[in-house]
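Asks: Need a 3D model of the following:
(one chain, ligands or ions: 3)
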Amino acid sequence: MISLSASIGIAVMGENPETAETLLSQADTAMYAAKSAGGLQVRTYDVILDRGVRNRVALRSDLRAAFSENQFELHFQPQISLADASLIGAEALLRWRHPDRGLLTPDAFLALLLESPYESTLVEWLLNTVCLHIAAWQRMGVTVPRISLNLSARQLLDMELADRIRHVVGKHGISAAMLDVEITEDCLVSDIDMATSVLATLKQAGLCTSLDDFGAGYSSLSYLVRLPVDTLKIDKSFVRGLAVSDKASAVIRGIVGLARSLGMKTVAEGVEHQHQADELKDAGCDSIQGYLVSRPLSSEAFVEFLRRRSVA
Ligand code: C2E
Ligand code: CA
Ligand code: CA
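Replies: Ligands and ions are numbered 1, 2, ... in the order given. All right, here's what the predicted structure looks like:
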């Protein structure tokens, strides 16, 4: 089955006489704005969009230097068990230390990067960099159970991914079981059969797998039954809804129950307050990630965080 999606840009002829070319270029700008907002949307042209597009064009031309001059880095956000507060792992999150714009988070550049020719360069860089960090921490005597990394739909849908990961972890002398691959539901929407096969090969290679932002997308329950996934990551929108509405709590309990009956673990994301952690524990959720525990940390700050915890 082939699924098609569309992003639509609309431009309207204004009071000033515009040429057909200008109108088309404005519709194009609006279409790119719809695409970078996640696609499947309609956007109408506005001068503010023009500024956004100029900004993106400038950033796009900076991408080449970003790799060649080592401007990307990973920050690490700890995940802890709700049962005993032990560290279960950390999520690697991409950052761009831009020479003029400072430290950028993925919302500023990820969509651009993923639609650029550098999408596959990113996977190689990500795997290598995660393994380099793990190896360095091991040499320092710092133990981290597992590092999660994020893959886009196109990055996942590659039948050679497991082999490539095996090669990289082998090169760095790291166990594949220390890596957890996080995917979102859009990986499943584009090609569920291939996504299932690739995930199965990752698990055969010894990796862990997680379904990110669970509940925020299409959440078709039929695929969950056969999906080779170890962990469901409960989307932060439900965590934010705790204490605001009983419905969020009911959904979280539903997700935890579903995960349990399918033999999966649960991690709740975006936990900022103690009452949220308490409610999640009460609902039977296994672990949490969020500002309550720690913001994403540079590698050095992450080591410091781990050392402080082991002293405490
Ligand atoms: P995500 O995978 O859902 O990552 C969690 C996001 O929530 C991170 O945003 C994190 O900084 C943020 N966050 C963590 N704790 C809290 C909290 O308590 N409250 C709130 N409000 N937010 C919290 P970040 O780092 O900006 O990353 C955004 C997204 O970019 C990620 O969402 C992920 O989908 C994507 N991403 C990050 N790194 C990579 C990467 O290396 N490759 C790919 N393909 N995508 C990446
Ligand atoms: Ca993630
Ligand atoms: Ca997430």
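
Asks: For this protein, what lies in contact range of ligand 1?
Replies: 77, 93-94, 105-107, 110, 126, 150-152, 212-213, 236, 269-272, 290-291, 296 (CB under 6 Å from any ligand atom). Where you see a C-beta, it was placed from the backbone N, CA and C, and this is true even at glycine.

Asks: So which of those reach ligand 3?
Replies: 212-213, 269 (CB under 5 Å from the ion).

Asks: Most neighbours out of those, which is it?
Replies: Neighbour counts for those peak at Asp212, which has 23 neighbours (criterion: other CB atoms under 10 Å).

Asks: what sits against that one?
Replies: 150, 182-184, 233 (CB atoms under 8 Å, 6 or more residues apart in numbering).

Asks: Which parts of the stretch 101-250 of the chain are helices?
Replies: 110-114, 119-139, 153-156, 161-172, 185-190, 192-204, 221-224, 236-241, 246-261 (DSSP state H, counting those that start in this stretch).

Asks: ok, the strand ranked longest in the chain near ligand 2 or not?
Replies: Using DSSP state E to define each element, the chain has its longest strand at strand 87-98. No: using CB under 5 Å from the ion, strand 87-98 stays clear of ligand 2, coming no nearer than 5.6 Å.

Asks: From the contact counts, what lies against that strand?
Replies: When contacts are defined as 3 or more CB pairs under 8 Å, 6 or more residues apart in numbering; DSSP states H and E, strand 87-98 sits against helix 47-68, strand 72-81, strand 102-104, helix 119-139, strand 147-150, helix 299-311.

Asks: Dump the ones you listed into JSON lines; add mean pLDDT, mean neighbour count and distance to Thr29 as well.
Replies: Shown next, in JSON lines, are the helices and strands packed on strand 87-98 (pLDDT from 0 to 100; neighbours: other CB atoms under 10 Å; distance: least, CB to CB, whole Å):
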{"stretch": "helix 47-68", "mean pLDDT": "82", "mean neighbour count": "14", "distance to Thr29": "5"}
{"stretch": "strand 72-81", "mean pLDDT": "98", "mean neighbour count": "21", "distance to Thr29": "27"}
{"stretch": "strand 102-104", "mean pLDDT": "96", "mean neighbour count": "13", "distance to Thr29": "22"}
{"stretch": "helix 119-139", "mean pLDDT": "96", "mean neighbour count": "17", "distance to Thr29": "23"}
{"stretch": "strand 147-150", "mean pLDDT": "98", "mean neighbour count": "22", "distance to Thr29": "28"}
{"stretch": "helix 299-311", "mean pLDDT": "92", "mean neighbour count": "14", "distance to Thr29": "38"}
